[in-house]
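Novice: Starting from these lines, generate the structure:
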Amino acid sequence: MRSPTRRACVLSAVMLVVAALVAGLSSATASAEGIGPGTTAQSVFDQPGPHPVATTTVTNPCQESVAGMIAHLTVHLFGNRDDARCTQAFPYGLQSPVGVNTYYPADIGELDKAPLILFEGGITANPGMYDTLARQWVSHGFVVVIPYDFVNSLVHLPAAGLAAAIVQNRDPGSPLFGRIDLSRTVLGGHSAGGGASLQAAALFPPIAEVIDPDFAVIGVLAIEPGPVGIGALINVPTLFLTGYNDFVVPDFAWVRWWQYNLTFHAPAWIANARGVSHFSPVDGPGAYLSSGTAVAWLKYLAFGDETARRFFVGPDWLLRSDRTYYSVERNPRADALR
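Specialist: Down below sits the predicted model:
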């Protein structure tokens, strides 16, 4: 027969487990419905989504090549926590320097059509460096296409990525046949690729129906974008993410002068994150402090996610008070959204 002391210990353990489960369920509900001032986008959205990731992209440690070793040393010099990953695209390997990598939910056959993200990396960057971001976005239900040509700076690159997505969407032999929702396309990029995404945002929407009857651009995610892009030409919602420790694309330079400040025709936001350098977006999981905000932006644009929306829209928008950021602003068109 068990002693009273043993029974009490067992009862206490059971109660602790139940309490932990209840707390977990309560916090999950709070993150979806009870968020308020002081909640950060990182705390709510910087986590994997429910979908497994499928891709043919293979990465390896960047330092296995001379070019990769230079990149490896550079990102650590600028404060990255984790080692960068690279594909074998030349000069990081012996494969073609021009191509397209595609990531998609492994369970996409069980889903409705998935929105598309066309994402370009920085100048001289290897596409494998964005493997972490791509996998996070795919886990939340997106198809991510990363075109690359080593220069990664001009509008032909997102055009090539879009062409690859359309081909896969029309190919009966592709796992993405009929599964990409081209009407929910987000243009994104980092550094020079961010500039290319702004160029595409100016050029693609007016000719969208000519490109494909189902194609439409719903927004832009410009991460520390290069200078070749003008805000006055953009007519879709745009989020500019900058870094307080970024000396390559400083928050006070062109990203404000002729990009955010000149975005007159569409809602626009700009957020300058503390502790983020120019190479933080290629760091490992959890290390890029704006990755949660990026997920929130994408879910707001593509899925109308109400929790995500609260960070960007309305008089009590939460990103304004997000302690991740040194400064956050939005333009009058974003102010007018309800």
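
Novice: got the contact list for residue 62?
Specialist: 68-69, 71-72, 83-86, 92, 126, 128-129 (CB atoms under 8 Å, 6 or more residues apart in numbering). Placement of C-beta: from N, CA and C, glycine included.

Novice: In those, which has the lowest confidence score?
Specialist: Ranked by pLDDT, these bottom out at residue 84 (92).

Novice: Quick check: nearest residue in space to that one, chain neighbours excluded?
Specialist: residue 62 (4.5 Å; CB to CB, 6 or more residues apart in numbering).

Novice: Could you do residue 195 as well?
Specialist: residue 226 (3.3 Å).

Novice: And for that neighbour, the neighbour number?
Specialist: By other CB atoms under 10 Å, the residues close to residue 226 number 26.

Novice: mind checking the SS state of it?
Specialist: Secondary structure for residue 226, judged by DSSP: H, G, I helix; E, B strand; the rest coil, is coil.

Novice: Which residues are in contact with residue 299?
Specialist: Contacts of residue 299 (CB under 8 Å, 6+ apart): 45, 140, 305, 308.

Novice: can you check residue 55 too?
Specialist: 101-104, 134-135, 138.

Novice: In strands, which of those residues fall?
Specialist: 101-104 (DSSP state E).

Novice: Strand partners (parallel or antiparallel) of the helix or strand hosting residue 242?
Specialist: Per DSSP states H and E: residue 242 is located in strand 238-243. Its sheet considered, strand 238-243 pairs with strand 217-223 (parallel), strand 268-273 (parallel) by DSSP bridges.

Novice: residues contacting residue 58?
Specialist: Per CB under 8 Å, 6+ apart, neighbours of residue 58: 87-88.

Novice: cool, the one 10 residues further on as well?
Specialist: Contact partners of residue 68, counting by CB under 8 Å, 6+ apart, are 61-62, 84, 86, 92, 126.

Novice: same question, residue 59
Specialist: 85-87, 128, 131.

Novice: could you redo the last one with a cut-off of 10 Å?
Specialist: 84-88, 101, 126-132 (CB atoms under 10 Å, 6 or more residues apart in numbering).

Novice: how much space between it and residue 282?
Specialist: 12 Å (CB to CB, to the nearest Å).

Novice: list residues touching both of those two?
Specialist: With CB under 10 Å, 6+ apart as the test, residue 59 and residue 282 both reach 84-85, 126, 128-132.

Novice: Surely residue 151 is within a strand?
Specialist: No: read with three-state DSSP, residue 151 is coil and lies in no strand.

Novice: wait, doesn't it sit right on residue 157?
Specialist: Yes: between residue 151 and residue 157 a contact is recorded at 8.1 Å, counting by CB atoms under 10 Å.

Novice: How far does stretch 46-53 stretch from one end to the other?
Specialist: 16 Å (CA to CA, to the nearest Å).

Novice: buried residues in that stretch?
Specialist: 46-47, 49, 51, 53 (16 or more other CB atoms under 10 Å).

Novice: same question, stretch 322-338
Specialist: 322, 324-326, 328-331, 334.

Novice: cool, stretch 106-122 as well?
Specialist: Buried residues in stretch 106-122 (16+ other CB under 10 Å): 108, 113-122.

Novice: now those residues in a markdown table, with pLDDT?
Specialist: Shown next, in a markdown table, are those (pLDDT from 0 to 100):
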| residue | pLDDT |
| --- | --- |
| 108 | 97 |
| 113 | 95 |
| 114 | 98 |
| 115 | 98 |
| 116 | 98 |
| 117 | 98 |
| 118 | 98 |
| 119 | 98 |
| 120 | 98 |
| 121 | 98 |
| 122 | 97 |
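
Novice: Spatially central, which residue of the chain would that be?
Specialist: residue 294 (4.6 Å; CA atoms, centre = their mean).

Novice: circling back to that earlier point, among the contacts of residue 299, which two are most distant?
Specialist: By the measure CB to CB, 140 and 308 form the most distant pair in the contacts of residue 299, at 10.2 Å.

Novice: Overlap in contacts, those two.
Specialist: 45, 295, 298-299, 302.

Novice: And the furthest pair within these?
Specialist: Longest span within those, CB to CB: 45 and 302, 13.4 Å.
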